[in-house]
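Peer 1: Next comes the sequence, and after it the predicted model I'd like to discuss.
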Amino acid sequence: MNISDKNNNKNVIVFDLSDNSDLGEEGYEIDINKNNVKVTAQKPAGLFYGIQTLLQLLPPEIYSQNSVQHSDVKLTIPCCKITDKPRFPWRGMHLDVSRHFFPAEFIKRYIDLIAMHKMNIFHWHLTDDNGWRIEIKKYPKLTGKSAWRVDREDVPWREVTPPEPGEKATYGGFYTQEEIKEIVQYAAERFITIIPEIEMPGHTSEVFAAYPEFSCKGKDLYVQPGSYWPNVDIFCAGKEETFKFIEDVLLEVIELFPSEYVHIGGDEADKTRWRECNLCQQRIKNERLKDEDELQSYFIKRIEKFLNEHGKKLIGWDEILEGGLAPEATVMSWRGIKGGVEAAQQGHDVIMCPTSFCYFDYYQANPDFEPEAIGGFLTLKKVYSFDPVPEELNKVQKKHILGAQGNVWTEYIPTPEHAEYMALPRMTALAEVVWSHTDAKDWKCFQNRLQVQFKRFDFMNVNYSRGYWKVTIHPIMDSGIYQVELESEQFNIPIYYTLDGSDPTPQSTLYKKPLKITNSTVIKAGLFLDGDIKEYYSEKEILFHIGIGKNAELAIQPSRKYEAHGAMSLVDGLKGSDSYRDGYWLGFEGDDMIFELDLGKEIQISSITASFYQNTGAWIFMPEKVIFEILDAGRNKVERSVLKPESTLEVKGVVIEDISAKFNNETARYIKVHAKNIAKIPGWHEGAGSKAWIFVDEVIVN
Ligand SMILES: [Zn+2]
């Protein structure tokens, strides 16, 4: 397809398909000189990515919907030579359209955004407890009934109550097969493959609102307007009719989506009903399965066989590892990277999307100033720091990591504008994670280029997050020296700070490099634009103590949503604020907090203090008791102290209590703090019987 003409190769853009195999499936070369522009690739996808780069080289106005308005802008492009190809073949973005329904027009816009980021996968989460969103001709009630729920849009997700008797289901929607065909075509024109997700065996209660016969004992089930735990009604694995239904659905899905993969969910399937169901138990017996985990494995393997017979590959969330992985399955690792590592070690392909780097429904900045989100804390910088390939894999296993994707779950995301706000610019950071090789990544450089990306978004009227206008105060340990770093997500905006408790002004000290801190102090720091502080200053008390920066470990890991920086967060000199979601507190759901600190040598100890957080409205309680232990260098117990919090569990609102054990200047090398979780929420509480949370920060050793 060489359209260049030897006699007229001036003022032209030439697109050339060559057989340069170095460029691979998606790579391209660009050669821009004074006379012409040449884009070369081995495959059309490469030419498409070359075009995206050309657009990025042009002024950002090129992204405007209204070219007339910018007719005075000169469309110049710098002379350069570029050879470029992606690091990973799977560069994905996900969108949940069940928790909230997004119109087909927005799906196309989302695809445009994915395409401009040179990403190539759109994972479309089409079914879940809160609404079925894909027309299936054979089962019309899926869209007639399962796509609609009662409208609770005026209430935050975690407070949504179930439908009242006789209440009409008015919130929802679905995509017709005609719309889906059009969207699949639209995506294909942008070299994006759509991976449809049809959830099974769990997250399927919406199906039973229309077809209760495919559950174990489902009667009177409704499409849930919120999330309710435990979520026990799942597909009955004992009935043949269930498999017939799923296969019929999948046949229509396969027909609509040309992708190699079909995602079958597989996550969070509560096995309560399977344990009670005669048919499921009969299946376990007949198939000689060990337990309900193996029944799930049987379920998934059976679906995989069906998909394989129809020329498709199965992909599922990492729970599909439980009870044994289906032979050809690809695993999407979301609960950390452990599932992905395990699958790759077993020779399976893996997509990495751990919550800690890829869940774009988490807060991206201080929750006090952000729209309500599901929880968690995932900054732009953290997304950018992600490397999808775990160190512990060998060379062969590493090849099984196909790439990564960003997941946008929409419990707290009711509108397209809000979805853009949560996805961007974190999608931009992830795009670079999955495209660029690690040695080409540079946060400062990214931040600089991001300023132009923001302009492009402005011309596209994209509602991106404009970044965090507060200074982050965080500790770093650099060759044994404790320092405090002040950072912002803004680019080249000066930070002024004080250490004497006064409010920062443009006359305060300008921040240049990390601060060496040797005493307890208060840091106040703010961003100053044209001499004025932007929005708010940040304030942190540094508690200097002998535990700071020492080797810390946790026997049980905190919840992925509230993991701060792990064990070291407890001895970083910084206490959590009165918001448990501030990224300093560590949260444990149902588990105890068991912390051990190695002081490196024996030191005299006079006291150990640990801070705990309670907010019963958020299901966070004081621990039942806290056990403090100090051990000598030979790990022999020197002393032990068991204390109970003074605050009672019934107190409403936020309580922060320091629990302090006194020691008589005994010498010790190791320190253990074990906070015992009350485990189950007490009977008087709305969450009675569910797992209780404990939140802890800073273990102060003196
Ligand atoms: Zn059953």
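Peer 2: Structure's in. What do you need?
Peer 1: which sections of this protein are below the confidence cut-off?
Peer 2: Scanning the chain with the threshold set as pLDDT under 70 gives 1-8.
Peer 1: redo that, cut-off 50
Peer 2: 1-4 (pLDDT under 50).
Peer 1: can you list the residues of this protein near the ion?
Peer 2: Cys216, Cys236, Gly238, Cys277, Leu279, Cys280 (CB under 5 Å from the ion). Where you see a C-beta, it was placed from the backbone N, CA and C, and this is true even at glycine.
Peer 1: Show me those residues that map onto helices.
Peer 2: Members of the residues of the chain next to the ion lying in helices (criterion: DSSP state H): Leu279, Cys280.
Peer 1: Quick one: the residues of the chain next to the ion as TSV, columns for distance to Asp578 too.
Peer 2: TSV is the format used below for the residues of the chain next to the ion (distance: CB to CB, whole Å):
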residue	distance to Asp578
Cys216	45
Cys236	47
Gly238	50
Cys277	47
Leu279	51
Cys280	47
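Peer 1: Find the nearest non-adjacent residue to the residue of the stretch 601-702 of the chain found nearest the ion, please.
Peer 2: Closest contact between the stretch 601-702 of the chain and the ion, by CB to the ion, is at Gly689 (23.9 Å). Leaving aside its sequence neighbours, Gly689 sits nearest to Lys680 (CB to CB, 6 or more residues apart in numbering; 5.7 Å).
Peer 1: Also Leu631?
Peer 2: Tyr670 (4.0 Å).
Peer 1: if I look at the one you found, how far off is Gln557?
Peer 2: 20 Å (CB to CB, to the nearest Å).
Peer 1: And the residue nearest to the spatial centre of the chain, how far from the ion?
Peer 2: When CA atoms, centre = their mean is applied to the chain, the residue found nearest the centroid is Tyr359 (1.1 Å). Noted for Tyr359: a distance of 32 Å to the ion, by CB to the ion, to the nearest Å.
Peer 1: do Pro494 as well
Peer 2: 64 Å.
Peer 1: What is the burial count for that residue?
Peer 2: Here the number of neighbours of Pro494 (other CB atoms under 10 Å) works out to 15.
Peer 1: May I see the buried residues of the helix or strand hosting Lys444?
Peer 2: Element membership for Lys444, per DSSP states H and E: helix 443-459. Of all the residues in helix 443-459, those buried under the rule 16 or more other CB atoms under 10 Å are Phe446, Gln447, Leu450, Gln453, Phe454, Arg456, Phe457, Phe459.
Peer 1: again, but for stretch 318-329
Peer 2: Asp318, Glu319, Ile320, Leu321, Glu322, Gly323, Gly324, Leu325, Ala326, Ala329.
Peer 1: Can you give me the first-to-last residue distance of it?
Peer 2: 10 Å (CA to CA, to the nearest Å).
Peer 1: Run through who's touching it.
Peer 2: Contacts to stretch 318-329, defined as CB atoms under 8 Å, 6 or more residues apart in numbering, come from residues 266-269, 290-291, 293-298, 300-301, 303-304, 308, 313-316, 331-335, 338-340, 342-343, 346, 348.
Peer 1: what number of residues lie near the residue in the stretch 1-150 of the chain that the ion sits nearest to?
Peer 2: Closest approach between the stretch 1-150 of the chain and the ion, counting by CB to the ion: Asp129, at 17.9 Å. If you count neighbours by other CB under 10 Å, Asp129 ends up with 28.
Peer 1: For the nearest residue to Phe595 once chain neighbours are set aside, the count of nearby residues, please.
Peer 2: Excluding the flanking residues, the one nearest Phe595 by CB to CB, 6+ apart is Val673, at 4.6 Å. Residues lying near Val673 (other CB under 10 Å) number 22.
Peer 1: and Glu260, what does it touch?
Peer 2: Thr193, Lys312, Lys313.
Peer 1: Ile51 now?
Peer 2: Val39.
Peer 1: which parts of the host helix or strand of it are buried?
Peer 2: Ile51 belongs to helix 44-57 when assigned by DSSP H and E. If you call a residue buried by 16+ other CB under 10 Å, then helix 44-57 has these buried ones: Ala45, Gly46, Leu47, Phe48, Tyr49, Gly50, Ile51, Gln52, Thr53, Leu54, Gln56, Leu57.
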